[in-house]
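>>> This is the structure alone, sequence omitted:
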């Protein structure tokens, strides 16, 4: 499919979560606007922090008429073990351990570790560590950069962003604004 742009139609792909298999993107969207956020993997300290922030602000997203899916390069069986229970997050996590969606949508890794970090990365790392998060299991591409897309119920893209650094991730308030 290549890089996703505004006004493109996202392919209605099928995915696995830690608790469900062969879920269609359109089914997960449930007829609502959808924020589709690509992070690295569950063991990543910043990803854990982002997941926690999304969980804590999920009601804002649903109140705006939206839904959220987060894509991780984590194995569904290992992630199920790490999560322990299905309701750990109020949204579903798409498991893409083979990084097929990342390649299909050209969500590329940084060229090097120094290219991964931005000016605000260490501030975010500090917030994540202060919140009690620490690095867990390594999976996927260590240099993976995030991406985010906002989709209409028919899967038309209204927002597409490919991050240049690891901490360049939409927060819940930004997602809510884009759902309006």
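Structure's in. What do you need? No experiment lies behind these values; they were computed from the predicted model shown.
>>> all strands for the protein, in order.
Assigned by DSSP state E, the chain shows strands spanning 14-15, 23-24, 33-38, 66-72, 92-95, 147-151, 157-162.
>>> Looking at those strands, which is nearest to residue 138?
Set against residue 138 and scored by CB to CB, those come closest in strand 66-72, at 12.7 Å. Bear in mind the C-beta positions are built from the backbone N, C-alpha and C, glycine included.
>>> How far away from the center of its chain is that closest one?
Relative to its chain's centre, strand 66-72 lies at 6 Å (CA atoms, centre = their mean, to the nearest Å).
>>> tell me which residues of it are tucked away?
The neighbour-count check on strand 66-72 (16 or more other CB atoms under 10 Å) flags 66-72 as buried.
>>> what about the longest helix in the protein?
Ranked by residue count and defined by DSSP state H, the top helix of the chain is helix 45-56.
>>> how near is the residue nearest to residue 161 when sequence neighbours are not counted to residue 84?
Nearest residue to residue 161, sequence neighbours excluded (CB to CB, 6 or more residues apart in numbering): residue 148, at 4.9 Å. Going from residue 148 to residue 84 by CB to CB, to the nearest Å gives 27 Å.
>>> What average pLDDT does stretch 129-145 get?
The average pLDDT for stretch 129-145 rounds to 94.
>>> Can you get me the start-to-end distance on that stretch?
20 Å (CA to CA, to the nearest Å).
>>> Then stretch 143-150?
24 Å.
>>> what sits up against that stretch?
4, 10, 33-41, 73, 99, 102, 105, 107-113, 115-116, 157-166, 168-170, 175, 178-179 (CB atoms under 8 Å, 6 or more residues apart in numbering).
>>> Can you list the buried residues in that stretch?
Buried, per 16+ other CB under 10 Å, within stretch 143-150: 144-150.
>>> And for stretch 22-31?
For stretch 22-31, the neighbour count (16+ other CB under 10 Å) marks 23, 25-26, 28-29 as buried.
>>> Which ones among those map onto helices?
Using DSSP H, the buried residues of stretch 22-31 in helices are 25-26, 28-29.
>>> Name the nearest of those relative to residue 53.
Comparing those against residue 53 with CB to CB places residue 28 closest, at 20.2 Å.
>>> separation between that closest one and residue 145?
Taken as CB to CB, the span from residue 28 to residue 145 is 23 Å.
>>> Same question for residue 164.
Taking CB to CB, one finds residue 164 at 7 Å from residue 145.
>>> How about residue 166?
Taking CB to CB, one finds residue 166 at 6 Å from residue 145.
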